[in-house]
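1. got a predicted structure here, sequence first:
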Amino acid sequence: MEKFENVTYFNHPLIQHKISILRKKETGTNEFRHLVEEIAMLEGFEALNDLPLEEVEIETPIEKCKTPMIAGRKLAIVPILRAGLGMVEGILALVPSAKIGHIGLYRDEETFEPHEYYCKLPSPIEERTIVVCDPMLATGGSAIDAITMIKKHGGRNIKFMCIIAAPEGVKALHEAHPDVQIYIGHLDRCLNEHAYICPGLGDAGDRIFGTK
Ligand SMILES: O=P(O)(O)OC[C@H]1O[C@H](OP(=O)(O)OP(=O)(O)O)[C@H](O)[C@@H]1O
Ligand SMILES: O=c1cc[nH]c(=O)[nH]1
């Protein structure tokens, strides 16, 4: 796979181990949901390593001092519905004061094209660091459309975080939005004829919400 400057692959053993359990077909809904949350938190820790800091004056029991704290507007976490919702709590565990937007997209089962049905973002979106999350980056259609929608609303500083990606989706997303930082838990082999990621983990939304 071609290397892109704006793409980060996580090779931390804890992330890889948890993704392997996630993939198993016998992993049940409850465990699956918890793993998605944990992986999102581990990825988020790294993906947010460039949040801006400012020196703030505080008082310890000993004396006054200046100490760094996160600066600027609160982070915006934007899950792509439905499956992206599974990652929100994990990122919130790191940044409890984050605001949460929602983008509703589903893939047409025949054409694999994404269809939008909802968009609500925290304002002023243009002043926030935005983390778009979705466990799966397959053809890239959903992520590309979600980010296009966020940009139409004024979003600029955008990161995209997923758990499993196909090379086709990474390339498409990089080409459509080269300014977006992309974080990937594991790069899989390819897409199959139904645009499912191989070996992947099946349908992430159904496995998180127990709808199959
Ligand atoms: O890269 P793409 O080819 O667009 O595929 C990825 C999308 O497919 C899945 O959602 P799905 O449409 O199944 O909806 P759901 O989250 O409601 O289950 C997944 O959560 C992504 O949003
Ligand atoms: O493999 C895939 C591809 C798209 N969406 C999923 O949930 N899984």
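-> Okay, I see it. Ligands and ions are numbered 1, 2, ... in the order given.

2. for the protein, what's the longest helix?
-> Longest helix in the chain, counting residues (DSSP state H): helix 29-47.

3. which parts of that one are buried?
-> By neighbour count on 16 or more other Cβ atoms under 10 Å, the buried set for helix 29-47 is 32-44, 47. Just so you know, the C-beta spots here come from the backbone N, C-alpha and C atoms, and that holds for glycine as well.

4. touching ligand 1 at all, that helix?
-> No. Applying Cβ under 6 Å from any ligand atom, one finds helix 29-47 separated from ligand 1 by no less than 10.8 Å.

5. isn't residue 151 right next to residue 158, touching?
-> Yes. Residue 151 is within contact range of residue 158, at 7.5 Å (criterion: Cβ atoms under 8 Å).

6. and the strand ranked longest in the chain with ligand 2, contact?
-> Taking DSSP state E as the assignment, the strand of the chain that covers the most residues is strand 157-165. No. Strand 157-165 stays clear of ligand 2 (Cβ under 6 Å from any ligand atom), getting no nearer than 7.4 Å.

7. could you pull up the mean pLDDT of that strand?
-> Averaged across strand 157-165, the pLDDT comes to 98.

8. what lies in contact with the next helix or strand after it?
-> Once strand 157-165 ends, the next helix or strand along the chain (criterion: DSSP states H and E) is helix 167-176. Residues outside helix 167-176 that contact it (Cβ atoms under 8 Å, 6 or more residues apart in numbering) are 1-2, 4, 6-7, 137-141, 143-144, 147-148, 160, 180, 182, 184, 187-191.

9. filter those residues down to the ones near ligand 1?
-> 137, 138, 139, 140, 141, 143.

10. so what's the fifth one up against?
-> Residue 141 makes contact with 107, 112, 113, 114, 172, according to Cβ under 8 Å, 6+ apart.

11. mind listing what the first one touches?
-> Listed by Cβ under 8 Å, 6+ apart, the contact set of residue 107 reads 113, 114, 115, 138, 141, 142, 195.

12. which among those count as buried?
-> By 16+ other Cβ under 10 Å, these give 114, 138, 141, 142, 195 as buried.

13. what residues of the host helix or strand of the fourth one count as buried?
-> Put plainly, it is residue 142. If you go by DSSP H and E, residue 142 is part of helix 141-152. Residues of helix 141-152 classed as buried by neighbour count (16+ other Cβ under 10 Å): 141, 142, 143, 144, 145, 146, 147, 149, 150, 151.

14. if we can go back for a sec, what's the closest of the contacts of residue 141 to residue 86?
-> Nearest to residue 86, judged by Cβ to Cβ, of the contacts of residue 141 is residue 107 at 16.5 Å.

15. quick one: the helices in this structure, in order.
-> 13-23, 29-47, 85-94, 141-152, 167-176, 204-209.

16. how far away is the residue in the chain that ligand 1 sits nearest to from ligand 2?
-> Taking Cβ to the nearest ligand atom as the measure, the chain has residue 205 as its residue closest to ligand 1, at 2.2 Å. Going from residue 205 to ligand 2 by Cβ to the nearest ligand atom, to the nearest Å gives 6 Å.

17. go on, residue 182?
-> Per Cβ to the nearest ligand atom, residue 182 is found 16 Å from ligand 2.
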